[in-house]
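# What shape does this take:
(6 chains)
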Protein chains: 4
Amino acid sequence: MVPSIAAASHAEPRKRPSQARSIAAVAAMVEAAARIIETRGWAALTTNHVAERAGFSIGSLYQYFPSKEALLAELLRRERAQLLREVRQATETAASLAPAIEQCIAAGLRHQFGRPALALALEYVPASLAMHQEDTVLRQALDRQLAAVLARHGVAGSATLAADLVALCRGMIDAAALRGETDAAALLPRLLRAVRAVLQPVPGPQ
Amino acid sequence: MVPSIAAASHAEPRKRPSQARSIAAVAAMVEAAARIIETRGWAALTTNHVAERAGFSIGSLYQYFPSKEALLAELLRRERAQLLREVRQATETAASLAPAIEQCIAAGLRHQFGRPALALALEYVPASLAMHQEDTVLRQALDRQLAAVLARHGVAGSATLAADLVALCRGMIDAAALRGETDAAALLPRLLRAVRAVLQPVPGPQ
Amino acid sequence: MVPSIAAASHAEPRKRPSQARSIAAVAAMVEAAARIIETRGWAALTTNHVAERAGFSIGSLYQYFPSKEALLAELLRRERAQLLREVRQATETAASLAPAIEQCIAAGLRHQFGRPALALALEYVPASLAMHQEDTVLRQALDRQLAAVLARHGVAGSATLAADLVALCRGMIDAAALRGETDAAALLPRLLRAVRAVLQPVPGPQ
Amino acid sequence: MVPSIAAASHAEPRKRPSQARSIAAVAAMVEAAARIIETRGWAALTTNHVAERAGFSIGSLYQYFPSKEALLAELLRRERAQLLREVRQATETAASLAPAIEQCIAAGLRHQFGRPALALALEYVPASLAMHQEDTVLRQALDRQLAAVLARHGVAGSATLAADLVALCRGMIDAAALRGETDAAALLPRLLRAVRAVLQPVPGPQ
DNA sequence: TATGAATGAGACTTCATTCAT
DNA sequence: AATGAATGAAGTCTCATTCAT
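Numbers count the residues shown, from 1 in each chain, chains lettered A, B, ... in the order given. Predicted coordinates:
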């Protein structure tokens, strides 16, 4: 009856926390989850463990989240929201395409290398219907964000191109992180080069 | 949420199967696991289920694999070995760099779109120490393979560049698969363009 | 996710037990459940407790029953089947209506006073969809059984009448048990009298 | 399966409500409980749910009732008191035995078919020591009520007979309700006939 | 060697009840 | 008096793994 990830309609936190205490509690639990994933991996992420690390009882956790999955979804949102915000800001403030791109990539790197273990783990969220939807939504938001910048600056075919560029960067960043690279500064020029190259008009044959 | 994988001491099959029957048994179990992952996801991959689908008893499964993790490792090896083999062949038979690259990418696409659900799922293997090591080894093998081609054809800085190229392709392919793209032919030119662009000598700032 | 009685499709035991050991295991668990209900009430009927009393691990219990509810359904069936069997035999062997009725009532009394606490408790099965259906089916079977006898012996309006007679007896027997009466012999004549009276042709006014 | 009711020391409301507000609060909570049982069954009857439906905080509920069980006991009393009152009135105003009986039965039918789901559910109160005592007391009160009428009208052996008559009616009414019968008018003559038949002097064997 | 019944730690979740505010 | 956040014991159920046959 319980387990296996029920296709849940409850990937939302249980209370729109209105009071300061509630907000703090939710934040504490999400952060506890983040730290466990970071330090001990998905396998150690049990609801009891999260509650304990957050300094609450298990009952309290379930007062704020209807399920383990909802907690995870919230964590995913929290992390991705941060990235999305930075990307949005970059695309809105940059004067032209080049710096916009550059700042987006920088944001991506900050996101990945700020808490590398966490960021990497969140790319591999245990699949489940609800989580997958959440994930899809957030990925699309990022793709759209970039597509908009490209379009605004007159780049053609932007939707697919944007998705490819995001995917390409993500692939390179994740692989670097997976190999244990910790130097974002060393990665940045490689990313920039790749992205610029792909954005270059295709040289005609010959 | 995720059936935790008890950390097993070795991720090797229990016996170098000497008899034809053993080889067939191992293959049947690995394939059963693959089919379950493909059709019903990680959550449904229980050892009992695998044994049943393979037409064996659970006891027999544990005669061939010391742990669930070892079974997974074998599956991962099987899949990646196939890709490695094709890539090696491509790099060895191709006359020059361009067709070598092209055939590598084609191999990657075949691998991903041959059994898309499986390939995608295997990028999200529930992390664990042993699996992670296995995964690392196989990724490095691929990276080295490509680095060798690049070096042979006089491309400088080949190690990092190779890793980046592999990562870039993997990122784009996975993202496409995740979005539900099923048309490898449509993806190929985008990959080729990206790889070629990155391989192009950097235009001087002039 | 777990609790509250999920409207289960699984009120059937998990294995049609084919081997002697399985049959014994199922029987042991059902009987353990019966004894717990008898001695300590519904509240003490936990799956862990049942398994322990049956001398099995909790895992084994779930190998034979897909849910707590299925175990209960099996117990209900076991008990009611016994009653149904006796009633069927009574109705088939009795030469005329009077002894048929008499033997049915005697069967009812045996059933109730054989294991009074259990019989009483089973009249108050915690409602749930699956259990309720099971219960309904078994009640109807009993009603139909009696209706058939009545019809065979030329009593008109038998369906409703039979249901009423069964209900009337059940009410009297349960109430007696609830009051702590333990003397079936004292109850039998009262039941007989009531049933005969109701079966008597209605005396015309005047 | 059944939310176990912690054995509470007393099943009395916490205060003889002296103020109008208290009386209203108690009534609101009891009615909320009734409605939940009616509409969503025993499984949904949680104290938090009751408090919410009644428009109070869970803390307030525990100011008026020492335990969930006390709340249930109060509900049981409320429902049975209503029935008892009607029965008492019937027995006190009726001129002779026949109409007294008739009105008692009518009261029983009103009680059952007025709020059928509730009345039926209350016959299946999750057993517990305190509730069982409460239930016993109320059943006895009803039995005594009827025994008194019988005695007053010169029917011999009234105590047991009364108990049997009550039980018989209860059995028939509950079974009808359980089968989904909703027509009290159709049930009344069957009940009357049964009761009258049982009250008839036993015909000599002749 | 093969079988599959048995194990049991441990996961998720609920809900009656308390108590600081 | 009222609130509702917090508690935590306890319940159901799963699944990797073992071992007697």
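# When you work out contacts or count neighbours from here on, use the C-alpha atoms and nothing else.
Noted.
# shaky segments in chain A?
Along chain A, segments meeting pLDDT under 70 span A:1-19, A:202-206.
# and the longest helix for it?
As assigned by DSSP state H, the longest helix anywhere in chain A is helix A:68-93.
# and that helix with DNA strand F, contact?
No: Helix A:68-93 lies apart from DNA strand F when judged by Cα under 7 Å from any atom of the strand; the minimum separation is 12.7 Å.
# Get me the contact residues on chain A for DNA strand E.
A:2-3, A:44-48, A:58-60, A:62-63, A:66-69.
# now the helix or strand that contains residue A:105, how far from the centre of its chain.
In this assignment (DSSP states H and E), residue A:105 forms part of helix A:97-114. Centre-to-centre, helix A:97-114 and its host chain are 13 Å apart (Cα atoms, centre = their mean, to the nearest Å).
# re the thing from before, list the buried residues in the longest helix of chain A.
The neighbour-count check on helix A:68-93 (16 or more other Cα atoms under 10 Å in any protein chain shown) flags A:68-77, A:79-80, A:83-84, A:86-88, A:90-91 as buried.
# Go through the residues of chain A next to DNA strand E and flag which are in helices.
Short answer: these in helices (DSSP H) are A:47-48, A:58-60, A:62-63, A:68-69.
# Pick out the one among those residues with the largest number of neighbours.
Among those, the one with the most neighbours (other Cα atoms under 10 Å in any protein chain shown) is residue A:69, at 24 neighbours.
# so that one sits right up against residue A:132, yeah?
No: in this structure, residue A:69 is not within contact of residue A:132 by Cα atoms under 8 Å, at 10.8 Å.
# what's the residue closest to the geometric middle of chain A?
By Cα atoms, centre = their mean, chain A has its centre lying nearest to residue A:80, at 3.4 Å.
# how near is it to residue A:142?
Taking Cα to Cα, to the nearest Å as the measure, residue A:80 falls 9 Å from residue A:142.
# hmm, back to that, mind checking if the helix holding residue A:105 is in reach of chain B?
No: remark: helix A:97-114 sits outside contact range of chain B, by Cα under 8 Å from any Cα of the partner chain, the gap being at least 14.1 Å.
# So which bits of that helix are buried?
A:97, A:100-109, A:111-113.
# okay if I get the ones in helices among the residues of chain A next to DNA strand E as JSON lines plus distance to residue A:38?
As requested, these are exported to JSON lines (distance: Cα to Cα, whole Å):
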{"residue": "A:47", "distance to residue A:38": "15"}
{"residue": "A:48", "distance to residue A:38": "17"}
{"residue": "A:58", "distance to residue A:38": "21"}
{"residue": "A:59", "distance to residue A:38": "24"}
{"residue": "A:60", "distance to residue A:38": "23"}
{"residue": "A:62", "distance to residue A:38": "22"}
{"residue": "A:63", "distance to residue A:38": "24"}
{"residue": "A:68", "distance to residue A:38": "17"}
{"residue": "A:69", "distance to residue A:38": "17"}
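# Now cross-check these against chain B and list the overlap.
Intersecting these with the contacts of chain B gives residue A:68 (criterion: Cα under 8 Å from any Cα).
# is it possible to export the ones in helices among the residues of chain A next to DNA strand E to CSV including distance to chain D?
CSV is the format used below for these (distance: Cα to the nearest Cα, whole Å):
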residue, distance to chain D
A:47, 22
A:48, 22
A:58, 18
A:59, 14
A:60, 15
A:62, 14
A:63, 12
A:68, 22
A:69, 23
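# which one of the ones in helices among the residues of chain A next to DNA strand E is nearest residue C:54?
residue A:48 (30.3 Å; Cα to Cα).
# quick one: that closest one and residue A:58 touch, right?
Yes: using Cα under 8 Å, residue A:48 is in contact with residue A:58, at 5.6 Å.
# tell me the contacts of the closest residue to chain B within chain A?
In chain A, the residue found nearest to chain B is residue A:171; the distance is 3.9 Å by Cα to the nearest Cα. Shown in contact with residue A:171 (Cα atoms under 8 Å, 6 or more residues apart in numbering or on different chains): B:167-172.
# So which of those residues wins on neighbours?
Highest neighbour count within those: residue B:168, with 29 neighbours (other Cα under 10 Å).
# so it touches residue A:172, yeah?
Yes: judged on Cα under 8 Å, residue B:168 makes contact with residue A:172 at a distance of 5.4 Å.
# Show me what from chain A comes close to chain D.
Contact residues, chain A versus chain D (Cα under 8 Å from any Cα): none.
# any idea how chain A splits into domains?
With domains defined by automatic domain parsing, chain A comprises A:20-69, A:75-199.
# With respect to residue C:34, which of those domains lies nearest?
With Cα to Cα as the measure, domain A:20-69 is the member of the domains of chain A nearest residue C:34 (32.7 Å).
# for the closest one, how far is the first residue from the last?
Distance between the two ends of domain A:20-69: 24 Å, counting by Cα to Cα.
# try stretch A:85-103
12 Å.
# what's the spacing between that stretch and its chain's center?
Remark: stretch A:85-103 is offset 18 Å from the chain centroid, using Cα atoms, centre = their mean.
# which other residues reach it?
Contacts for stretch A:85-103 (Cα under 8 Å, 6+ apart): A:104, A:107, A:145-146, A:149-150, A:153, A:192.
# Who wins on neighbours among those residues?
residue A:146 (25 neighbours).
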